[in-house]
Every structure is written in C-alpha cells, then in structure tokens.
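K.L.:
sequence? don't have it. structure:
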Ligand SMILES: Nc1ncnc2c1ncn2[C@@H]1O[C@H](COP(=O)(O)OP(=O)(O)OP(=O)(O)O)[C@@H](O)[C@H]1O
Ligand SMILES: [Mg+2]
C-alpha cells in the first residue's frame, strides 16, 4: 500500500455520521456540536423543547439548511456544497414535513410520481405502478385521482409519506409529522410509520408522541439549546434519565 | 344512500324579493338604479334605433375591420377567422365549463351578421365561420364522450400554432401568396394582431423577468429589476414613440423595418414589465414549504420552478394578467398618438371622422369601435373568471 496516499477513512456501518456539526443563523448558534451516528435500519426519535434545534438538525441532513462546521456523511457521501453530492443525497433521503407540503395543483398520484419521473427518469407506467403500490401500503388507494385539498390532514400526511417513499430512499426524516393533525388522525399516520420502521427503514423522527417512541424507537436523543443533552434506549430515557433537564422535560410532557 | 342537497326554488317573486327588495336600503338602491337606467339607457336606445345614421359604419365597414388589406386577398383574413372560430368551437366541446357561453354567442353573432345587406361572398364566409363554431363544439364533445383524449392535445397545439400561422398567411410569401405589407393592414385586424402578438411575446418575457428579479445572481437580478422599473416608470406612448419615431433616427437603416413590428416590440416590452410584477406577486404567495418539498424530493431548481412553483404562481395571477391583456387590447390604440401612421381600429375611426363627408357622424363610428372593444374585453373577463372557478372547484 502506498503510504503517501492512504485510503480515505472507510465509513463504518453508519448510515448517517455527524461529527461536531455546528450551525448559526446570523449570530444565533442553533446547533452547537452535534456528534452522533445512525446505524442502518435504526429508528431514532428526537425530542426536546421548542427552539432547541431539532428541525434545524434534520434539515441539515438533506441540505435544506447548510451546516457551517463539522462533517455530515450520508451513506458514505459527505455533504458539501458540491451540487452533485446534494442531489445524490436528496434522492436517497425522504422527508416528511409537519405541514405536509403536498403540491396542491397536482393529484395525489401526480404528487407521488413526479420525482420518480423527473428525477429518476422512470417511464410513466412504472412510476404509476409503484405509486399505486405505495398508496395501497398507506391505505388510501381510492384517493389517487383527488387533489390534496380534498383530503383530510391524516390522508394528506400519508400521501406525503408515500411521495417520499416513491424515490425508494434509504433514510426517512420526519419533522413533527403528527403535530398539525387532529387527534383522531394521529394514529393512522403513526401506524404507517410503525409499519415502515418494522420494514427496516432508517428513520429519524422529531416527535413528542412518546407512545410511538417507547414502542418503535431504538434510540432517543434529547435536544436542548442546540446540543444533544442525553441519549439512550427508550428504557433508559423513560425509566432512568440521568440529566436533570431531561427529567424535567419528560415530566412535563408525560404528565 | 346519497342524498342530494335540496335545490332552493325561489320563483320570480322570491328572487326579486331576495335580491332587490329585501331591506329598505336595498329597495332604495333598486329604485335609484332603475331610475338611472331609464334616464340613460332610454335616450340612448332611442338614438341608436331611430336617429343614428349607421350607413357611415356600413359604408366603411371594410376599413374599420381590415384597413386597406387588398380586397382580392380578403379570403386570407376569412381563413384565419374560420380557423379561430373552429378552435373556439372545439375548445367549447372539450372545456364547456371554461369557454361557456362565449362560443355559442360568437357563433350565433356571426350567423346573425350574415343577415346584413352585404355581398353574397362575405355572407357565405360568415355562415361558414359561425357554423364552424357549432360544428367544432359538436365534434369535440362527441370525441371526448368517446374518451378520445388525443383531441385535447390537437386543440392545444392548434391554439399555439394559430398566431404564427395567421401572421404568415396574412402577410404571405413569394409568388404563390403575394406579400401584403403590414402598412396595408388596419382596423380591427391590426388591433388584434398587435394585442395578441404583444401578449404572446410579453408573457414569457414577463415570467423570465419575474424569476430574474428573485434570482440569487446579483447582476441578473439588478438587470431585471432595473428594466422592470424603468419601463413601469414611463408612459406607454413614450415607449411607442421611442420605437416608432426615435429608433429610426438613432439606428440608421432601422427606418426601413416594419412599423407594425416595431410597435409590437414596444407593446411587448411595456406589457412584460407589468406581467413581471404580477407574476412576482404570485411567486411571493407560494409558501416556502413548496420550495422545500420540491428540493427534498430531489428536483433541481429548474424542474422545481417549472413543475411546482410556476404552475401555482401563474394560477394565482390569472385575473391580473387577463386585466393586463385587456389593457393592452385597448392601449394598442395609443400607437396612433405615438405617430407613425398606423391605423388600427380607433385610428381608422379617427381618420374617418376627419373626412368632410362623415361630419357629424362621429358618435356612430365611436360607438361601433367601443362596442367591439367591449365585446372582446368582456369575453376575456368572462373566460378568465370561469377558468378561475374551474381551478378552484377542482383543487379543493
Ligand atoms: N431560518 C432561520 N433564521 C433564523 N433563525 C432560525 C431559522 N430557523 C430556525 N431558527 C432559530 O433556530 C432555533 C432552532 O430552531 P428549530 O426550528 O430547529 O427548533 P425546533 O427544535 O425544531 O423547535 P420546534 O419544536 O418549535 O419546531 C430557533 O431559536 C429558531 O428561532
Ligand atoms: Mg421544529
């Protein structure tokens, strides 16, 4: 082996590797050194008070926000401002937003087939087949030709999940996917997410649905002031949290 | 079980009561309006039907409609009109909720005009054009019912090709179809050519300027912003004057270029600045989440603009852009004020009024021109309103 040109450090089995990630909005230090590794197939729940940087963190993972210091490596590709890397990573990473963000001028089916057709360059027929399978999976196959504005919030969020899955991503990011939903619709969305987790998808979920976290998460991250204050398995976090801030916050939201 | 919502049936009395006489101030307003209508409309109607001498319009009909377009080549104009009417009819069959009453009213109007005392030849053309509206509507309705979707693509293509083919046919080429210089075009024909060309060119230009004004590249952004603001700060007459009169003085050789083409360039540049501002408003109304969702599924900026952002932004600004088109339609008359000897509909009316033999008959000519502007402008408003309602109904 040529010692002058050693092999680059091999990515471990980590699907997402964050090393000392910092992010500022102007003067405001929103992420203060996030270091964590997410394994393939791991389900991670991120929680913490409002403004603690949860959204900012997962938005850095598909470059909706740009981190200014540290490294983020997704499935072996480092996120830099190289546009090709960004596009490659975005097509591997699906995202589901709190406000659904479906495209209101397109039907449900068109919402789902858009990216496969225009980004993946699949033929229309194949994109449609995959989309119909996904709609079947999220339980709204009968609504394919409706427009988002004609669906309930829970249905819209399930379409949004199907839209993200249509790109066959390796990672799914969820930013408070049930916070904008009426209580009776939360379960239908969580059920879809549980099924997805069971299928082995790598998932990062910002949520305060602690029932979901307890049942599905492999690991929980507690965020405060742009830092990971504490992390651990659901048993650890719910039964034996070490940090005072974690205890306080959990006491608040579980009461 | 499906239960229909009961339809309210008011009857005439009920309707009158609900809409015109429900409260004391409603009654007052109704009576006042009625008095006003009687006071204004009655004398107008009396004048139109008994006193006005419409022969001034009849005698000059050709000048008002097509200017000095040679009579032996007039079939070209008829062919263009026939093609337009056929497309209108076909569209009515495909999109009945959008085209609505415009097609049958135009068709019936053309058939009625055939009753006027005109040459047999022209009468036959009128019957053909009117008939094509109804035939086109019947044909496309039949095809759509048979779920033949290809007709939709053909009709859309027809509309796209209509303007270039029309201009090409009207102007002619070489020996087979002798060239008719645009200096011989005039009247309503010229108004339509200038307004439609203007909007067709101004629309894409305006959209580009609007996108450019939000661009992240400073040079491009400044260029777009400055162009928009300079043009918006200047009256249209000035812009037209620039292109019709000043340009030939500055750029040697350009005086031999087509007057009409220069007028269209002026109208295009002027209109595009306003369209750009409308579209910018539409772009601003699109929530950030739409841009983010488009990025998150991996669309590049161009696709994201073309597939996600623009379709939504343009829908929002349909009404304001149609208003802009209506303004353009009427503002084409300003080419007369700018000089250059162009005689579109109002310019032609104006030069007729200047002639001694038509002294005292200005009102007839102006009313006729006004009526034509109104019919065109109202059709546009009507279709754009229905288009909006259609989009509204189908996405919520
Ligand atoms: N585009 C921005 N410009 C300036 N400041 C921002 C921006 N986005 C977020 N912030 C700030 O960064 C901090 C972290 O925001 P973030 O949205 O990540 O919080 P969060 O943990 O997701 O909170 P929430 O539970 O309310 O969604 C907040 O103080 C917020 O005000
Ligand atoms: Mg958030």
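P.N.:
The structure has been received and is ready for your questions. What you see is a predicted model; the values in this text were computed from it and never measured. Ligands and ions are numbered 1, 2, ... in the order given.

K.L.:
let's see the pLDDT reported for residue 107.
P.N.:
Picking chain A for this. Per-residue confidence (pLDDT) for residue A:107: 96.

K.L.:
try chain B instead
P.N.:
At residue B:107, pLDDT is 96.

K.L.:
surely it touches residue B:85?
P.N.:
Yes: counting by Cβ atoms under 8 Å, residue B:107 does reach residue B:85; the two are 7.1 Å apart. For every residue, glycine as well, the C-beta is placed using N, CA and C.

K.L.:
which neighbours do those two share?
P.N.:
Common neighbours of residue B:107 and residue B:85, using Cβ atoms under 8 Å, 6 or more residues apart in numbering or on different chains, are B:130, B:132-133.

K.L.:
ok and the residue in the stretch 51-200 of chain B nearest chain A?
P.N.:
As assessed by Cβ to the nearest Cβ, chain A sits closest to residue B:149 within the stretch 51-200 of chain B, at 14.2 Å.

K.L.:
residues from chain A in reach of ligand 1?
P.N.:
A:25, A:28, A:30, A:50-56 (Cβ under 6 Å from any ligand atom).

K.L.:
so which strand or helix has residue A:17?
P.N.:
Per DSSP states H and E: residue A:17 is located in strand A:14-25.

K.L.:
report all helices and strands that the helix or strand following that strand contacts.
P.N.:
Toward the C-terminal end, the helix or strand that comes next after strand A:14-25 (DSSP H and E) is strand A:28-39. Applying 3 or more Cβ pairs under 8 Å, 6 or more residues apart in numbering or on different chains; DSSP states H and E, we find strand A:28-39 packed against strand A:14-25, helix A:54-61, strand A:69-74, strand A:202-206, strand A:227-232.

K.L.:
in the sheet, which strands lie alongside strand A:28-39, parallel or antiparallel?
P.N.:
strand A:14-25 (antiparallel) (DSSP bridges).

K.L.:
quick check: buried residues in the partner strand?
P.N.:
A:14-18, A:21-23 (16 or more other Cβ atoms under 10 Å in any protein chain shown).

K.L.:
most widely separated two among those residues?
P.N.:
A:15 and A:22 (21.4 Å; Cβ to Cβ).

K.L.:
and the contacts of the strand holding residue A:17?
P.N.:
So strand A:14-25 is contacted by A:11, A:29-40, A:42, A:53, A:56-57, A:60-61, A:65-75, A:170-171, A:202, A:204, A:226 (Cβ under 8 Å, 6+ apart).

K.L.:
where along chain A do the helices fall?
P.N.:
Remark: helices assigned in chain A by DSSP state H are A:54-61, A:83-90, A:108-118, A:124-138, A:153-165, A:183-198, A:210-216, A:234-239, A:244-254.

K.L.:
and for the stretch 251-396 of chain B?
P.N.:
B:259-284, B:288-296, B:301-303, B:310-316, B:318-331, B:334-338, B:345-353, B:362-395 (DSSP state H, counting those that start in this stretch).

K.L.:
can you say which of those is nearest to ligand 1?
P.N.:
helix B:288-296 (9.4 Å; Cβ to the nearest ligand atom).

K.L.:
which elements pack onto the closest one?
P.N.:
strand A:93-96.

K.L.:
does the strand it packs on come close to chain B?
P.N.:
Yes: Strand A:93-96 is in contact with chain B by Cβ under 8 Å from any Cβ of the partner chain, via A:93-95.

K.L.:
and the residues you listed as a markdown table, adding pLDDT and neighbour count?
P.N.:
What follows is these, written out as a markdown table (pLDDT from 0 to 100; neighbours: other Cβ atoms under 10 Å in any protein chain shown):
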| residue | pLDDT | neighbour count |
| --- | --- | --- |
| A:93 | 96 | 27 |
| A:94 | 96 | 29 |
| A:95 | 97 | 27 |
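
K.L.:
of these, closest to ligand 1?
P.N.:
If you rank the residues of strand A:93-96 next to chain B by distance to ligand 1 using Cβ to the nearest ligand atom, residue A:95 comes first, at 13.6 Å.

K.L.:
what parts of the stretch 1-150 of chain A come near chain B?
P.N.:
A:62-64, A:87, A:90-91, A:93-95, A:97, A:99, A:101-105, A:114-115, A:118-119, A:147, A:149-150.

K.L.:
among these, name the buried ones.
P.N.:
Of the residues of the stretch 1-150 of chain A next to chain B, these count as buried by 16+ other Cβ under 10 Å: A:62-64, A:87, A:90-91, A:93-95, A:97, A:99, A:101-105, A:114-115, A:118-119, A:147.
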